[in-house]
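K.L.:
With the input below, show me the fold.
(chains A and B)
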Amino acid sequence: MKKWNVVAIGAVLALATATFGASYAADKLKVGFIYVGPIGDLGWSYQHDLGRKAMEKALAGKVETTYLENVPEGADAERSIEQLVRAGNKLIFTTSFGFMDATLKVANKYPNVFFEHATGFKRAKNMSTYAARFYEGRYIQGQIAGKMTKSNIIGYIVSFPIPEVISNINATMLGAQSVNPKVKFKIIWVNSWFDPGKEADAAKTLIDQGADILTQHTDSPAATQVAEQRGVHSFGESSDMIKFGPHAQLTADTDYWGGYYTKRAEDVLDGKWKSEDTWGGLDSGMVVMAPYTNMPDDVKKMAMDTEAAIKSGSLHPFKCPITDQDGKTVECKGGSHLDPGQILSMNWYVKGIDDKIPGK
Amino acid sequence: MLETLSNILHLIFSESFILTVVTASTPLLLASSGELVVERSGVLNLGVEGMMIVGAACGFAGTYWSGSTLVGALCGMLAGAMLSAIFGILTLGLAVNQVATGLALTIFGVGLSGLIGAQFVGERIVPAAHLYLPALTSIPGIGRIVFGEDPFVYVSIALIIGIWLFLYRTRAGLVLRAVGDNHASAHALGYPVLRLRMLAVLFGGACAGLAGAYLPLAYTPFFIPGMTSGRGWIALALVVFASWRPGRLVIGAYLFGAVSILGLALQPLQLGIPQQVMNMLPYLATVVVLVLISRARGTAGSAAPASLGMVFVPDR
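P.N.:
This next block holds a predicted model:
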């Protein structure tokens, strides 16, 4: 069985390489994308693909893009990234945390190709990192949840315990506590970024256990749809999921990558590309809140005020002092708030979260 | 300790928990029922995941255009059967290796469903209606569980009972098992080995297609590429762990569903069990329980078809 598996995959690969290799364009910059899910996930990968399309439109005639979707994280990713290199792509975006080591490996092997890895922390001379400050949107969601909940139980569906997921849970909690000290979280780890069935099961379970607001860090609209069916509220993730929860969705923490992708491709075209770390938030337009819906006007106003305050810099979701789960005060490296390094490597919960980080 | 235990028991026997379990188990039962018949005829079709995902896309398409769950379910079954026909023609007609063809079918199916389904991403349909019998459905506790499910659930139960009756209580079922156990002898006795296998393969395809259609029509009523998330592979494994017996298949499918949902439901209770253990529990529990059942039955344990996966070319 193993042997045939390899043969089958090999055949598919050969075919894929032949298809990619066949399209030559003399002066166009070839840009490749690796997605962890299908582009139709209506969440994370979908938003990256919107970014790719926006770049293609903005730089029409100057770039040519290719993407590979549904690429598993881990060792297999390396092969897919190399495949894009061999197909002649000079700028490659790898759009999930789990592609970090694979991207670095391939980047070291091909110094003349530029790599961009989303949400990671490892860089090289030809490898940049970029991420969005999702936690800013999560803080606003936390405040809305704190105001809107009647049971004081917020259900939270999560994928994997990476720093971004943890910092988002913390930001939601800090937002919720800022308006409602009685809020409790029920957290379910589903160990997958994308499994609509399991996400729906988790959503039902959380509602059965008393949650009246659902939020998620997984990529499908399943939870929002369950919330709609069961008459509770929810937040969309990555994309605006209002279509699946016209009465349920309160807002969504959405990502817009088009501006960044266009700029980076332009930099390569102009010979100005350099390795750096970009971290854009609400102010840069990389994070955009979907319309505030299904809430009273005073809650909506509060959300908009908070959004404006975060944009202007007068409010930081991780403003000090912050107490961790065990009651210890967290060291404040960024002056009045946590510094980016602390947020990007977060592996602890803030006070009030009744859960244990898996594997800790 | 005692309080925790009573909490857990309370959870397991709650109506909402059982309803969630039924929904999670039904696609597994539907897909593995079909594969059980296929394998009992001596054919190993590893393409269940591919047939399921195409069934999901076509099932959604059918309901989207017609507005009827029944039409969607039939479209899913037809799509699954058509895909399995390709498998049947290759492996039975042309005697191609079954393992390779099955794997190729999955890869093909995943791509095909993405193509068919691309236009439906983000579209909405009315989910399958649940049964409602005024007096019965409102019985507290068990009413909704027994009399308030969606039609797929009842079909899956009827299907596996039908398969059991067919395999063990009909002559045709006996012939099918004979073909799976020793195709040369069955052929020598004059039974149409390849024709029977083809019918079994088509039946398995239709079941997988129906299981796939269940996902966008009832489980999570929208279509998204890749939404089967490996359920086809679990269905395949269940057939083996159930040692090719219909009764054990029901136990296996529901046990797998129940333990997966339990793994999710226990997390917020903070029992101190590592979440990774919770996630492997469904696999572990299913394997252990089914192995124990087999052991308890002694030598009558496995009904593994002796000709499983072997190519048969009748000499003329």
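K.L.:
For chain B, what is the nearest residue in the stretch 201-350 of chain A?
P.N.:
Nearest residue of the stretch 201-350 of chain A to chain B, counting by C-beta to the nearest C-beta: A:Asp208, 4.2 Å away. Yep, even glycine has a C-beta here, placed from its N, CA and C like the rest.
K.L.:
what about that residue, neighbour count?
P.N.:
A count of nearby residues for A:Asp208, using other C-beta atoms under 10 Å in any protein chain shown, gives 18.
K.L.:
Let me see the contact set for it.
P.N.:
Contact analysis of A:Asp208 by C-beta atoms under 8 Å, 6 or more residues apart in numbering or on different chains lists B:Ser14, B:Ser16, B:Phe17, B:Thr20, B:Ala265.
K.L.:
Please report how far it lies from A:Gly231.
P.N.:
Counting by C-beta to C-beta, to the nearest Å, the separation of A:Asp208 from A:Gly231 is 13 Å.
K.L.:
any chance you could map the helices in the chain?
P.N.:
No chain in the question, so chain A it is. Assigned by DSSP state H, chain A shows helices spanning A:2-22, A:44-58, A:75-86, A:100-109, A:134-148, A:163-179, A:196-208, A:222-230, A:258-269, A:297-312, A:340-344.
K.L.:
not quite, I wanted chain B
P.N.:
If DSSP H is used as the criterion, the helices of chain B fall at B:2-12, B:15-40, B:48-66, B:69-88, B:98-117, B:134-137, B:143-147, B:151-169, B:171-181, B:183-188, B:193-214, B:231-241, B:246-266, B:275-296.
K.L.:
list the helices and strands the last one packs on?
P.N.:
For helix B:275-296, the elements it packs on are helix B:231-241, helix B:246-266, judged by 3 or more C-beta pairs under 8 Å, 6 or more residues apart in numbering or on different chains; DSSP states H and E.
K.L.:
Nearest approach to chain A belongs to which of the ones you listed?
P.N.:
Here helix B:246-266 is closest among these (C-beta to the nearest C-beta), at 4.7 Å.
K.L.:
what does the stretch 151-300 of chain B put close to chain A?
P.N.:
When proximity is defined as C-beta under 8 Å from any C-beta of the partner chain, the stretch 151-300 of chain B approaches chain A at B:215, B:219-222, B:224-227, B:229, B:231, B:260-261, B:264-265, B:267-268, B:270, B:272, B:274-276, B:279.
K.L.:
okay, the helices and strands packed on helix B:275-296 in JSON lines with mean pLDDT next?
P.N.:
Output for those, formatted as JSON lines (pLDDT from 0 to 100):
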{"stretch": "helix B:231-241", "mean pLDDT": "93"}
{"stretch": "helix B:246-266", "mean pLDDT": "93"}
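K.L.:
mind giving me TSV with those and columns for distance to B:Val37?
P.N.:
Formatted as TSV, the helices and strands packed on helix B:275-296 follow (distance: least, C-beta to C-beta, whole Å):
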stretch	distance to B:Val37
helix B:231-241	10
helix B:246-266	9
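K.L.:
And these: which comes nearest A:Ile343?
P.N.:
Of all these, it is helix B:246-266 that lies closest to A:Ile343, at 28.3 Å by C-beta to C-beta.
K.L.:
hey, C-alpha coordinates of the closest one in PDB?
P.N.:
What follows is helix B:246-266, C-alpha atoms only, in PDB (Å, rounded to 0.1, in the frame of the first residue of the first chain):
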ATOM      1  CA  PRO B 246     -22.500  -5.600  10.200                       C
ATOM      2  CA  GLY B 247     -23.400  -5.800  13.900                       C
ATOM      3  CA  ARG B 248     -19.900  -4.800  15.100                       C
ATOM      4  CA  LEU B 249     -19.900  -2.100  12.400                       C
ATOM      5  CA  VAL B 250     -22.800  -0.300  14.100                       C
ATOM      6  CA  ILE B 251     -21.100  -0.600  17.500                       C
ATOM      7  CA  GLY B 252     -17.800   0.700  16.000                       C
ATOM      8  CA  ALA B 253     -19.300   3.600  14.100                       C
ATOM      9  CA  TYR B 254     -21.400   4.800  17.100                       C
ATOM     10  CA  LEU B 255     -18.600   4.200  19.600                       C
ATOM     11  CA  PHE B 256     -16.200   6.200  17.400                       C
ATOM     12  CA  GLY B 257     -18.800   9.000  17.200                       C
ATOM     13  CA  ALA B 258     -19.600   8.900  20.900                       C
ATOM     14  CA  VAL B 259     -16.000   9.000  22.100                       C
ATOM     15  CA  SER B 260     -15.100  11.800  19.700                       C
ATOM     16  CA  ILE B 261     -17.900  14.000  21.000                       C
ATOM     17  CA  LEU B 262     -17.100  13.000  24.600                       C
ATOM     18  CA  GLY B 263     -13.600  14.100  24.000                       C
ATOM     19  CA  LEU B 264     -14.900  17.600  23.000                       C
ATOM     20  CA  ALA B 265     -17.500  17.700  25.700                       C
ATOM     21  CA  LEU B 266     -15.200  16.800  28.500                       C
END
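K.L.:
what's it packed up against?
P.N.:
Helix B:246-266 packs on helix A:196-208, helix B:2-12, helix B:15-40, helix B:151-169, helix B:231-241, helix B:275-296, going by 3+ C-beta pairs under 8 Å, 6+ apart.
K.L.:
Run through the neighbouring helices and strands of the fourth one.
P.N.:
The reference is to helix B:151-169. So helix B:151-169, by 3+ C-beta pairs under 8 Å, 6+ apart, packs with helix B:15-40, helix B:69-88, helix B:171-181, helix B:193-214, helix B:246-266.
K.L.:
So which of those is the most surrounded?
P.N.:
Burial of those is given as mean neighbour count (mean count of other C-beta atoms under 10 Å in any protein chain shown); helix B:193-214 ranks first at a mean of 27.
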